[in-house]
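Asks: I'd like to go over a predicted model; first the sequence, then the structure.
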Amino acid sequence: MDNPNTMTRRSFLATTSCLGAALWAARAFPLPAMGAGIAEDGRVSTQPVTDKGFASVRKIGKGVYATISDPSKGLETLSNGGFIIGTDAALLIEGFRTPAGASFQHTALRQVSAVPIRAALDTHYHFDHTLGNAFYGTQGIPIWAHEKTAPLMGNVYGPGSGPVWHERIAAFEKRITDATNETTREHAKGDLNALKLVLASVDSTAVSLPNRSLEPSSLPLTVDLGAIQVVIESYPGHTPSDLIVRVPQQNIIFTGDLLFNGMYPATSDANLSNWRKTLEMFSGYDKGTIFVPGHGPLCGPEGIATLRSVFDDLADQASKMYKAGIPVEEAQQRYNVPERFKSFPIFAWSFCIGPTIAKLYEELKTGGT
Ligand SMILES: [Zn+2]
């Protein structure tokens, strides 16, 4: 770690990371822990077990708890997560953005149970779901993830990734300078802030890789925690490393980032057509299903329907622009957020909208839908 690149990156981030994070947080909308439909669901406790502002933990079933983040109040967790407690053991879900986030969730679990912890599971490799893993490491808690999670984390966030991040920062700064109109410049500024947040996250913690790799061929995997079974499954879409955790007896699903509820999805690593097929499958689940999304409030099937309509709108607009002969670079900037999605947070234009439009163009070019 002690090489010139790391040092340069450290000093660079010391002056910019707080600003980047603060700016991004200020742009985020305060998020409720649950949608209106779910508030009526008798299984979901109205009082949280704990609420630190940046995240709250509440009971959503028998032995099942959801951690819901509110990034407008702090970025310790950033993603959602949760835990499931049986009579013999517990399973934690997500490593969050920081060890402090993982520690928060661990403390919440210990407030309600003293059972041994079988493992913590990362739903995919992204920084806001894994960079807090180091905390679990200090507690001797095994970390489970899809077989592709550890190699992807190593490549994207590991010690050798410094120069790549520097190039990306430089490219993003150039996009601000080169912007030919205000919209493009605003998108580029937001993108730079988001990138700085990722960098600050990588730089402030030791990347701690999962130590149990789950191969898709070994899934679904049923884990008996004692009087409660959880099923780990893999579905494609958001990244090549996505896992979900289901509690079939109670119709509860932790989707990881296969579901962004009430916000634009991050698609840089996505396979869109597979993702949309996965969402179609989720929409066939029981109407009483509680979904714990990777980001956004707790929801029922209406959250799946909303994300599908976000993708439909992106696809409609991409198709129109493609047919009108608008080049992809321009189309990526010209996507127009419709009135009904105006309140939906966008983590960064180039993590959410840009890659979606580019991928849809690619599908249109190759004759897909
Ligand atoms: Zn993600």
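Replies: Looks like it came in fine.
Asks: which parts of the stretch 51-200 of the chain sit against the ion?
Replies: His126 (Cβ under 5 Å from the ion). In short, each C-beta sits where N, CA and C put it, glycine included.
Asks: Please list all residues in contact with the closest residue in space to Asp269 that isn't next to it in sequence.
Replies: Ranked by Cβ to Cβ, 6 or more residues apart in numbering and with sequence neighbours excluded, the top spatial neighbour of Asp269 is Thr239, at 4.2 Å. Thr239 makes contact with 124-126, 148, 152, 257, 269-270 under the criterion Cβ atoms under 8 Å, 6 or more residues apart in numbering.
Asks: Confirm that Thr239 sits in a strand.
Replies: No - Thr239: not assigned to a strand; according to DSSP: H, G, I helix; E, B strand; the rest coil it is coil.
Asks: Can you tell me how far it is from Ala270?
Replies: For Thr239, the distance to Ala270 equals 7 Å [Cβ to Cβ, to the nearest Å].
Asks: Look up how far Phe347 lies from the residue in the stretch 1-150 of the chain that the ion sits nearest to.
Replies: Per Cβ to the ion, His126 is where the stretch 1-150 of the chain lies closest to the ion, at 3.5 Å. For His126, the distance to Phe347 (Cβ to Cβ) stands at 11 Å.
Asks: intersection of neighbour lists for those two?
Replies: Ala266.
Asks: Check the secondary structure at Ser208 for me.
Replies: What three-state DSSP gives for Ser208 is coil.
Asks: Tell me where the protein has strands.
Replies: 50-51, 55-61, 64-69, 81-85, 90-93, 117-121, 143-146, 212-214, 221-224, 229-234, 243-247, 252-260, 290-295 (DSSP state E).
Asks: Include mean neighbour count when you put those strands into TSV, please.
Replies: Listed next are those as TSV, based on neighbours: other Cβ atoms under 10 Å:
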stretch	mean neighbour count
strand 50-51	16
strand 55-61	22
strand 64-69	28
strand 81-85	26
strand 90-93	26
strand 117-121	24
strand 143-146	25
strand 212-214	16
strand 221-224	14
strand 229-234	19
strand 243-247	23
strand 252-260	27
strand 290-295	27
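Asks: and those as JSON lines, adding distance to Ala188 and mean pLDDT?
Replies: Converted to JSON lines, the strands of the chain look like this (distance: least, Cβ to Cβ, whole Å; pLDDT from 0 to 100):
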{"stretch": "strand 50-51", "distance to Ala188": "35", "mean pLDDT": "97"}
{"stretch": "strand 55-61", "distance to Ala188": "30", "mean pLDDT": "97"}
{"stretch": "strand 64-69", "distance to Ala188": "26", "mean pLDDT": "97"}
{"stretch": "strand 81-85", "distance to Ala188": "31", "mean pLDDT": "98"}
{"stretch": "strand 90-93", "distance to Ala188": "34", "mean pLDDT": "98"}
{"stretch": "strand 117-121", "distance to Ala188": "35", "mean pLDDT": "98"}
{"stretch": "strand 143-146", "distance to Ala188": "32", "mean pLDDT": "98"}
{"stretch": "strand 212-214", "distance to Ala188": "37", "mean pLDDT": "97"}
{"stretch": "strand 221-224", "distance to Ala188": "43", "mean pLDDT": "98"}
{"stretch": "strand 229-234", "distance to Ala188": "35", "mean pLDDT": "98"}
{"stretch": "strand 243-247", "distance to Ala188": "33", "mean pLDDT": "98"}
{"stretch": "strand 252-260", "distance to Ala188": "22", "mean pLDDT": "98"}
{"stretch": "strand 290-295", "distance to Ala188": "23", "mean pLDDT": "98"}
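Asks: Of all the ones you listed, which one is nearest Phe104?
Replies: strand 55-61 (6.3 Å; Cβ to Cβ).
Asks: Could you measure from whatever residue of the stretch 201-350 of the chain ends up closest to the ion over to Val57?
Replies: In the stretch 201-350 of the chain, no residue comes nearer to the ion than Asp257, which is 3.6 Å away by Cβ to the ion. Per Cβ to Cβ, Asp257 is found 19 Å from Val57.
Asks: what do you get for Ala270?
Replies: 29 Å.
Asks: swap in Thr107?
Replies: 9 Å.
Asks: shared neighbours of those two, which are they?
Replies: Counting by Cβ under 8 Å, 6+ apart, the shared contacts of Thr107 and Val57 are Thr50.
Asks: Return the helix or strand in this structure with minimum mean pLDDT.
Replies: Among the helices and strands of the chain, helix 4-27 carries the lowest confidence by mean pLDDT, DSSP states H and E, at a mean of 42.
Asks: on that earlier part again, my read: the residue of the stretch 201-350 of the chain closest to the ion touches Gly296, true?
Replies: No - using Cβ atoms under 8 Å, Asp257 makes no contact with Gly296, being 10.3 Å away.
Asks: Verify the contact between His129 and Ser79 for me.
Replies: Yes - between His129 and Ser79 a contact is recorded at 5.1 Å, counting by Cβ under 8 Å.
Asks: joint contacts of these two?
Replies: Counting by Cβ under 8 Å, 6+ apart, the residues touching both His129 and Ser79 are 94, 96-97, 257, 294.
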